[in-house]
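Asks: generate a structure from the sequence data that follows.
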Amino acid sequence: MILLSKKHIYGYYKEMIELMRSILGKALKDDSALAKAVLTGITRVSQESLFSGLNNVRVYSLLNERYCQYFGFTEEEVVKLIKNTRQEADLNAIKEWYNCYQISKYTLYNPKQLNGILLEFKVAEVPEDLANKAQEALNQIKDKQYMEALSQHKVKSVLAIEMAFCGKKM
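Replies: Residues are numbered from 1 along each chain as shown. This is a model prediction of the structure:
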């Protein structure tokens, strides 16, 4: 709805509202094959202007306590994701990476953040050495400071995965 805000500033807001009302009326009201529609945006447009020609309009805002938990990952979901992937993670560090926001009783994490995955492979001579080699792989990721480099390129979340295999003797 930034488009509408600019039209208001430049003096043809009323004409733009009429155009949008006509488009929405044709697309949403006059289409017998359409049962429901979802419109998203960041600026709330009052019902009496843009949606005045439509029937049964419901507005569900991020600020509505009943629905706010569906506008991102909740902290509970993030903790569950960490446990399910068996990653060791500092929840405070994750909050800092994701720049969480607090809505009502929920801490929400933006699911649209850019994510990165680092893979490091090591070869073990014997199966008993697999755990040590996997730890070496994680240490190498930390030592090379990949995460710092990626964060400079706007990568907000990085998943480090270590893998160790037993080498085949030739």
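
Asks: name the SS class of residue 20, please.
Replies: On the three-state scheme (DSSP: H, G, I helix; E, B strand; the rest coil), residue 20 is labelled helix.

Asks: can you count the residues close to the nearest residue to it once chain neighbours are set aside?
Replies: Using C-beta to C-beta, 6 or more residues apart in numbering and skipping the chain neighbours, the partner closest in space to residue 20 is residue 50 (5.7 Å). In this view, the C-beta of every residue, glycine as well, is placed from N, C-alpha and C. Residue 50 has 19 neighbouring residues, counting by other C-beta atoms under 10 Å.

Asks: can you show me the helices along the chain?
Replies: Using DSSP state H, the helices of the chain run over 2-10, 13-24, 75-84, 91-98, 130-143, 146-152.

Asks: which elements pack onto the fourth one?
Replies: Helix 91-98 makes packing contacts with helix 75-84, strand 106-109, strand 157-166 when contacts are defined by 3 or more C-beta pairs under 8 Å, 6 or more residues apart in numbering; DSSP states H and E.

Asks: and the residue nearest to residue 20, what does it touch?
Replies: 4, 17, 20-21, 24 (C-beta atoms under 8 Å, 6 or more residues apart in numbering).

Asks: so can I have CSV of these showing neighbour count, distance to residue 66 and pLDDT?
Replies: Formatted as CSV, the contacts of residue 50 follow (neighbours: other C-beta atoms under 10 Å; distance: C-beta to C-beta, whole Å; pLDDT from 0 to 100):
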residue, neighbour count, distance to residue 66, pLDDT
4, 17, 27, 61
17, 17, 29, 76
20, 18, 27, 78
21, 16, 28, 80
24, 18, 25, 79
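
Asks: now, among those residues, which is nearest to residue 103?
Replies: Taking C-beta to C-beta as the measure, residue 103 lies nearest residue 4 of the contacts of residue 50, at 24.3 Å.

Asks: quick one: neighbours of residue 30, just the number.
Replies: The number of residues near residue 30, taken as other C-beta under 10 Å, comes to 9.

Asks: quick one, phi psi at it?
Replies: Residue 30 adopts backbone torsions of phi -90, psi 10, taken as degrees, to the nearest 10.
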